[in-house]
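[1] Attaching a predicted model along with its sequence, questions to come.
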Amino acid sequence: MSEIEETLERIKAHSGVEGYVIMNNAGEVLRKLPGMSTEHAKDLGDEVFKLAKKARHVVRDLDPKNDLLYFRLRTREKEVLIAPGGDYLVVVIQKWRPSDWGEDK
């Protein structure tokens with residue numbers, strides 16, 4: 001099994017993971033969680049690809065010597081982990097459970 005396959009298996013086995021998408025720099029979906037529809041993977045990938053590109057520009061505008069390595073987007077129910085690489089973009093969607101801090105009781 002290749003290093004990529006091993007990494008995907010670890011991601012899938014992680015508690016709370018609902019999906020993942022791996023895209024190339026052209027925005028094409030290379031891999032997705034087997035249970036995820038192709039249309040959903042493409043829609044998610046398109047939106048996250050645009051967001052990652054803008055986030056990278058913000059980082060570079062603030063400090064041209066710096067670069068975006070990873071960022072996390074949290075909603076009330078999900079967390080999206082985004083890791084842009086040189087030739088690809090990895091997106092992982094997982095369930096998110098709030099901790100006691102910062103929550104209204």
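    Thanks, I have it.

[2] where does the residue nearest the centre of the chain fall, helix, sheet strand or coil?
    Taking CA atoms, centre = their mean, the centroid of the chain lies closest to residue 91, which sits 2.0 Å from it. Residue 91 carries the three-state label strand when classified by DSSP: H, G, I helix; E, B strand; the rest coil.

[3] Run through the residues that contact the residue lying closest to it once chain neighbours are set aside.
    For residue 91, ignoring the flanking residues on the chain, the nearest one in space by CB to CB, 6 or more residues apart in numbering is residue 21 at 4.6 Å. From N, CA and C alone the C-beta is placed, and that goes for glycine too. Residue 21 sits next to 29, 31-33, 36, 41, 44-45, 48, 90-91 when contact means CB atoms under 8 Å, 6 or more residues apart in numbering.

[4] mind redoing it with 10 Å?
    Listed by CB atoms under 10 Å, 6 or more residues apart in numbering, the contact partners of residue 21 are 29-33, 36, 40-46, 48-49, 82, 89-93.

[5] tell me the SS of residue 73?
    Following three-state DSSP, residue 73 is assigned to strand.
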